[in-house]
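In: any chance you could fold what I've pasted below:
(2 chains)
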Amino acid sequence: MPPVLVAFFSAQVLLFLIFGLGALATAITMVLNPNPVRSALFLVLNLFCVAVLYLLLNAYFLAAVQIIVYAGAIMVLFLFVIMLLNLGAPDRAVDRLQWQQPVAVGAGLILAAMLAVTITASVPAVPVVRARTPQMAMAGVGTVAQGGGAARPAATAPGASGIPTGADPSLMTDPDTMGTTINVGRTLYDPVQPYLFPFEVTSVLLLIAVIGSVVLAKRRNPGEEMNP
Amino acid sequence: MNPTAPESFGLIPVAGTVPLGWYLILSALLFVTGAVGVLIKRNPIVIFMCVELMLNASNLAFIAFGRYLGNPGGMMFSVFVMAVAAAEVAVGLGILISIFRSRENINVDEINMMHG
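Out: So this is what the prediction gives:
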């Protein structure tokens, strides 16, 4: 292979192409499939493909959360409800709005074209290359540079595997290491950063959702009049 | 991965790295697929799954921006998006079960009232 192709089709680019196209194909198959159970299973495949893309973006913790929470918990909830309500059969109801589907597809194509124009107009046409040395990675993002790689204490330097072993503030904004579990946790719980209060509010939101879903799905007593 | 490899913000890959624009294009296409699915489907559970697809596409854009700009806020935001998606699914499926108990039919064409 010529060196240009070798530089183009690196392992990273190949993995992106394989799993990006896989995510797109499973998403389209999920929408077009008339069977709800198969749609759910294609969505699981899609979530796995996107999790691989998270790994390519060095978001290791979120890739694990994606598989455990989305593919593991939420999709199981979907499948349980599909089977509980006995909706596994394909949809055979008469479609009252026949004209809506072509209009929706056309509107979707228009939305895709607008997004593509926006993206291609907003990213630089010529490749802007940023060398990913730690100093430059921190200098270009407006965060406080807290010493370069040379100033790291030896006790908190990354191990042989590249995974940080201690609390080093410079690792929390380094694009290669900020996705690890320790750095995500340190960023999320850092009182200096603005993420701690929204995180606590999220716990209240989840509590409300749990109580609300229990109340909504509760079987009502036949003699009891719930609605005034 | 080579820690000193360059990365591109445009649409042209440089030195074997995936540019940011590719992630944004993929995210936009996944989002549009989910939006079209919400519009053309009649089964509310499949509509919920398409909403999940749209949230997932926005998560991909958040994480790509955060990683390319060196800002951990992208990942933090996708954590919150996942939590909101879980809450939405729990409440939405509770509503579906409640509707199914009262009328044995959850085609969205037939549902025109939330009361009773």
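
In: when you work out contacts or count neighbours from here on, use the C-alpha atoms and nothing else.
Out: Fine.

In: look at residue 76 and give its secondary structure.
Out: If you meant another chain, say so; for now it's chain A. helix (DSSP: H, G, I helix; E, B strand; the rest coil).

In: what is the burial count for it?
Out: Residue A:76 has 16 neighbours, counted by other C-alpha atoms under 10 Å in any protein chain shown.

In: distance-wise, check it relative to residue B:9.
Out: 37 Å (C-alpha to C-alpha, to the nearest Å).

In: next: residue B:109.
Out: Distance, residue B:109 to residue B:9, by C-alpha to C-alpha: 45 Å.

In: these two: which is more packed in?
Out: Set residue B:109 next to residue B:9 and count neighbours by other C-alpha under 10 Å: residue B:9 wins out with 23 against 14.

In: all strands for the chain, in order.
Out: Since no chain was named, I'll use chain A. Applying DSSP state E to chain A gives strands spanning A:129-131.

In: could you do chain B instead?
Out: Using DSSP E, the strands of chain B run over residues B:6-8.

In: where does pLDDT dip in it?
Out: Scanning chain B for pLDDT under 70 picks out B:1-7, B:15, B:105-106, B:112-116.

In: so which residue is smack in the middle of it?
Out: Centroid check for chain B by C-alpha atoms, centre = their mean gives residue B:55 as the closest residue, at 1.8 Å.

In: hmm, that residue is touching residue B:79, no?
Out: No: applying C-alpha atoms under 8 Å, one finds residue B:55 not in contact with residue B:79, separated by 11.4 Å.

In: what about chain A, any weak spots by pLDDT?
Out: A:1-8, A:88-96, A:125-173, A:220-228.

In: can you rerun that using 90?
Out: Along chain A, segments meeting pLDDT under 90 span A:1-14, A:33-36, A:58, A:70-73, A:80-102, A:104, A:116-194, A:213-228.

In: can you pull out the helices in it?
Out: According to DSSP state H, chain A carries its helices in the segments A:3-8, A:11-32, A:36-56, A:60-65, A:75-84, A:100-122, A:134-139, A:181-188, A:196-217.

In: distance check, residue A:211 against chain B.
Out: For residue A:211, the distance to chain B equals 9 Å [C-alpha to the nearest C-alpha, to the nearest Å].

In: now do the buried residues in the lengthiest helix in chain B.
Out: The longest helix of chain B (DSSP H) is helix B:73-103. The neighbour-count check on helix B:73-103 (16 or more other C-alpha atoms under 10 Å in any protein chain shown) flags B:73-99 as buried.

In: same question, stretch A:112-123
Out: Of the residues in stretch A:112-123, those buried (16+ other C-alpha under 10 Å) are A:112, A:115, A:116, A:119, A:120, A:123.

In: got a list of contacts for that stretch?
Out: B:9, B:10, B:11, B:21, B:24, B:25, B:28, B:29, B:32 (C-alpha atoms under 8 Å, 6 or more residues apart in numbering or on different chains).

In: one more time with 6 Å, if that's ok
Out: Stretch A:112-123 is contacted by residues residue B:10 when judged by C-alpha atoms under 6 Å, 6 or more residues apart in numbering or on different chains.

In: again with stretch B:92-106
Out: By C-alpha under 6 Å, 6+ apart, the residues outside stretch B:92-106 that reach it are A:213, A:216, A:217.
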